[in-house]
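Visitor: Below are the sequence and a predicted model; questions follow.
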Amino acid sequence: MKKIEMVVLTDVSLITAIVQRGKADDLVKAAQEAGAQGASIHYAHGRGVRERLGILGLAVEAEKEVINIIVSSDQVNRIFERLYRAGEFNTPGMGFMWVTPVDKAATYIPPEILEKFARKTRRSPLDIRDDEL
Amino acid sequence: MKIQTRHKMITAIVPKGKAQKLVEQLVYELGISRVNVNHSRGLGRITPLRQRGIGETTEKEVVTVLIEPERAEEVFDFIFFEADINTPHGGLIYQQPTFASTPFNLPDLPEES
């Protein structure tokens, strides 16, 4: 019988960012450089005070991209800060983001990574850097 | 207004094409009515398109289930194994707390095909 097991990650958080359409890839790249494993992006339609921003209100895109990134709790501040800078959220109309708690998460984790990192060093597999793979 | 507290939100990001069967299983096998699906694009460190460079994304379906806390673990495990999340490129599942939610009870009528 095939052995099937689930590795549950508990110290994780969800970062959600809403940005203008076309900008999500830059943010995801910044998050990955800061240690994030992956992201999902979907589209949305937003509104706000854009009519008062930019030239004739056209500079702020009404179509939005919503980025969801699951990160380990150790990394959340660092990745949040990198996203803030990459998304230029200090500029009005660029978007906003937030962090929500996650009880637990699970995904496929290659056995060799589990063996190498999670059991020996007690690090979360989400903390593994790209150059360690 | 009937408000339920402390219910759990389970979100599963699965490869495109897996959500329909999963939703049918959740509805007809587990009797869950609060299930939603939306489409997304996603990428991970170990993505099938990784060699082609960063920024390559694949189509995903995101299944969201709102469930009472007593059944959360059962549903979490069910989705994890039935949607093959425990396989390479199988996706990701996570569970979040909610402060308040409303019930969604459907009348006992035949569904539209």
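Guide: Perfect, I can see it now. Small disclaimer: the values here were computed from a predicted structure and weren't measured.

Visitor: and stretch B:97-108, C-alpha only, in PDB?
Guide: Presented in PDB, the C-alpha positions along stretch B:97-108 are these (Å, rounded to 0.1, in the frame of the first residue of the first chain):
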ATOM      1  CA  PRO B  97     -10.200  31.700  10.900                       C
ATOM      2  CA  THR B  98     -13.300  33.900  10.400                       C
ATOM      3  CA  PHE B  99     -14.900  36.200  12.900                       C
ATOM      4  CA  ALA B 100     -18.500  35.900  11.600                       C
ATOM      5  CA  SER B 101     -20.400  34.300   8.800                       C
ATOM      6  CA  THR B 102     -23.900  33.600   7.700                       C
ATOM      7  CA  PRO B 103     -25.400  30.200   6.900                       C
ATOM      8  CA  PHE B 104     -26.300  29.400   3.300                       C
ATOM      9  CA  ASN B 105     -29.200  26.900   3.200                       C
ATOM     10  CA  LEU B 106     -30.600  26.000  -0.100                       C
ATOM     11  CA  PRO B 107     -34.200  24.800  -0.600                       C
ATOM     12  CA  ASP B 108     -34.700  21.200  -1.500                       C
END
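
Visitor: Can it be said to contact chain A?
Guide: Yes. Against chain A, stretch B:97-108 shows contacts by C-beta under 8 Å from any C-beta of the partner chain at residue B:97. Yep, even glycine has a C-beta here, placed from its N, CA and C like the rest.

Visitor: Distance from the chain centre to that stretch, please.
Guide: On the basis of C-alpha atoms, centre = their mean, to the nearest Å, stretch B:97-108 sits 16 Å off its chain's mean C-alpha point.

Visitor: Mean confidence (pLDDT) on that stretch, please.
Guide: Mean per-residue pLDDT for stretch B:97-108: 90.

Visitor: Could you check how far the helix or strand hosting residue A:29 is from the centre of its chain?
Guide: Secondary structure assignment for residue A:29, by DSSP states H and E: helix A:24-33. In this view, helix A:24-33 has its centroid 8 Å away from the chain centroid, taken as C-alpha atoms, centre = their mean.
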